[in-house]
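*Asks:* Sequence first, then the predicted structure:
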Amino acid sequence: MITDLCGGVGAAKMLAGLRQVLSDDEIVGIVNVGDDLWLHGLRICPDLDTITYTLAGLNNTETGWGLSGESWRVMQELDALGGESWFSLGDRDLALHLYRTERLRNGDRLSAITADLLSHFGVGLRLLPATEDEIATRFDTKEQGNVSFQEYFVKFHHDLDVESVEVVGAPASSPTSGVLDALESAERIIISPSNPLISIDPILAIPGIAERLVARRSDVIAVSPLIGGKALKGPADRLLEQLGLSATSMGVATFYNDIASTLVIDEVDADDAPGVEELGVRCLVTKTVMDSPHAGAALAEVVLNG
């Protein structure tokens with residue numbers, strides 16, 4: 001069994017690549033829930049949904065989030081009424097959030113709801129929310145003070161100077177049932193090319209998870225989300241710099257040093273390999289841009305066999 005720590009588009013592509021070389025029953029994804037939110041009375045889980053839609057082949061490739069073939073009549077009407085519409089939800093997407101919220105209010109667990117949604121969409125692998133407890137990634141910024149993840153990422157287009165990041169509620173949370181077992185029993189643990197600070201760190205902040213990874217460090221391999229010092233999508237490069245880590249392969253290796261023995265970097269950054277290895281992290285160089293199914297499968301082979 002392979003266990004993958006994941007959040008966002010990069011993780012969705014990593015899991016899609018793994019599915020080309022492994023069967024679904026050999027893969028477990030542990031998914032970030034730090035950017036989940038309540039909005040319009042609905043519980044929205046962006047990373048769980050992005051990964052689910054991508055693996056089902058239903059993701060909107062134009063926006064990078066939501067469902068393909070969406071309509072937006074509800075949001076358009078809400079905006080016309082003067083309601084809060086900065087966080088766009090498509091009509092089909094809203095149906096999923098309505099379903100999830102109803103079940104949560106009926107006492108069902110997020111992990112069970114996620115499993116049923118995967119089954120509905122014909123996806124056979126397991127996705128486990130990192131915790132069933134509500135946690136929230138928040139940012140202290142110079143321009144807007146303390147803001148939520150989605151305010152930072154969507155409302156302000158991650159164009160803020162971040163002074164610190166906190167995962168509120170994480171110290172009192174506990175891992176979802178099955179998470180620690182998935183980390184303990186995995187032949188290999190992969191950290192997807194997700195933003196280290198806001199997609200992976202909220203998972204690590206849940207008690208017991210980082211400790212289990214430290215104990216399994218020799219079996220943990222991380223994929224850098226940076227190409228030539230830049231993130232393909234999102235603010236990983238800027239956040240690393242703002243919070244005191246360089247936006248380089250060495251910065252990523254430093255962040256993961258305690259929990260991962262190997263870092264995979266892109267061919268563009270091949271000259272960084274000696275610096276990564278000086279930090280005590282083995283470095284593998286390959287193409288990390290998953291711009292086709294073939295590229296995703298090739299990267300999956302590297303992380304599984306490298």
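*Replies:* Thanks, I have it. Residues are numbered from 1 along each chain as shown.

*Asks:* Format the CA atom coordinates belonging to the one helix or strand Ile190 maps to as PDB.
*Replies:* Using DSSP states H and E, Ile190 sits within strand 188-191. Taking C-alpha atoms only, strand 188-191 is exported to PDB below (Å, rounded to 0.1, in the frame of the first residue of the first chain):
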ATOM      1  CA  ARG A 188       6.100   4.100   0.900                       C
ATOM      2  CA  ILE A 189       4.800   7.500   1.900                       C
ATOM      3  CA  ILE A 190       4.600  10.200  -0.700                       C
ATOM      4  CA  ILE A 191       4.300  14.000  -0.100                       C
END
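
*Asks:* and the next element down the chain from that strand?
*Replies:* Criterion used, DSSP H and E; the element after strand 188-191 is helix 201-204.

*Asks:* other SSEs contacting that following helix?
*Replies:* strand 162-168, helix 209-215 (3 or more CB pairs under 8 Å, 6 or more residues apart in numbering; DSSP states H and E). Just so you know, the C-beta spots here come from the backbone N, C-alpha and C atoms, and that holds for glycine as well.

*Asks:* In which helix or strand does the closest residue to Leu279 other than its chain neighbours reside?
*Replies:* The shortest distance from Leu279 to any non-neighbouring residue, by CB to CB, 6 or more residues apart in numbering, is to Ala253 (5.0 Å). Applying DSSP H and E as the criterion places Ala253 in helix 249-256.

*Asks:* do Asp237 as well
*Replies:* Assigned by DSSP H and E, Asp237 falls in helix 236-242.

*Asks:* What are the buried residues along that helix?
*Replies:* Ala236, Asp237, Arg238, Leu239, Leu240, Glu241, Gln242 (16 or more other CB atoms under 10 Å).

*Asks:* Mind giving me the packing neighbours of that helix?
*Replies:* Using 3+ CB pairs under 8 Å, 6+ apart: helix 236-242 touches strand 162-168, helix 249-256.

*Asks:* re the thing from before, what distance do you get for the residue nearest to Leu279 to Leu226?
*Replies:* 11 Å (CB to CB, to the nearest Å).

*Asks:* What of Thr137?
*Replies:* Taken as CB to CB, the span from Thr137 to Leu226 is 20 Å.

*Asks:* ok, back up a step: can you list the strands that the strand holding Ile190 pairs with?
*Replies:* Strand 188-191 has the following strand partners under DSSP bridges: strand 2-6 (parallel), strand 220-223 (parallel).

*Asks:* between those, which one is nearest to Asn305?
*Replies:* strand 220-223 (10.2 Å; CB to CB).

*Asks:* for that closest one, which positions count as buried?
*Replies:* Result for strand 220-223 [16+ other CB under 10 Å]: buried residues Val220, Ile221, Ala222, Val223.

*Asks:* Provide the partner residues of the spatially closest residue to Tyr152 that is not a sequence neighbour in its beta bridges.
*Replies:* The shortest distance from Tyr152 to any non-neighbouring residue, by CB to CB, 6+ apart, is to Phe139 (4.8 Å). The partner list for Phe139 in beta bridges (DSSP bridges) reads Val147, Val165.

*Asks:* Phe139 contacts Gln150, doesn't it?
*Replies:* No: in this structure Phe139 lies outside contact range of Gln150 using CB atoms under 8 Å: 10.6 Å.

*Asks:* who has more neighbours, the two?
*Replies:* Phe139 (25 against 19; other CB atoms under 10 Å).

*Asks:* can you pull the contacts of the more buried one?
*Replies:* By CB atoms under 8 Å, 6 or more residues apart in numbering, Phe139 lies in contact with Asn146, Val147, Ser148, Phe149, Tyr152, Leu160, Val162, Ser164, Val165.

*Asks:* ChimeraX command for the buried members of the residues you listed?
*Replies:* Only the buried entries of these go into this ChimeraX selection, using 16+ other CB under 10 Å:
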select :147,148,149,152,160,162,165
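
*Asks:* Now pLDDT and distance to Met1 too, for the contacts of Phe139, in JSON lines please.
*Replies:* Listed next are the contacts of Phe139 as JSON lines, based on pLDDT from 0 to 100; distance: CB to CB, whole Å:
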{"residue": "Asn146", "pLDDT": "95", "distance to Met1": "39"}
{"residue": "Val147", "pLDDT": "94", "distance to Met1": "38"}
{"residue": "Ser148", "pLDDT": "92", "distance to Met1": "34"}
{"residue": "Phe149", "pLDDT": "91", "distance to Met1": "30"}
{"residue": "Tyr152", "pLDDT": "89", "distance to Met1": "35"}
{"residue": "Leu160", "pLDDT": "91", "distance to Met1": "39"}
{"residue": "Val162", "pLDDT": "93", "distance to Met1": "36"}
{"residue": "Ser164", "pLDDT": "93", "distance to Met1": "36"}
{"residue": "Val165", "pLDDT": "95", "distance to Met1": "31"}
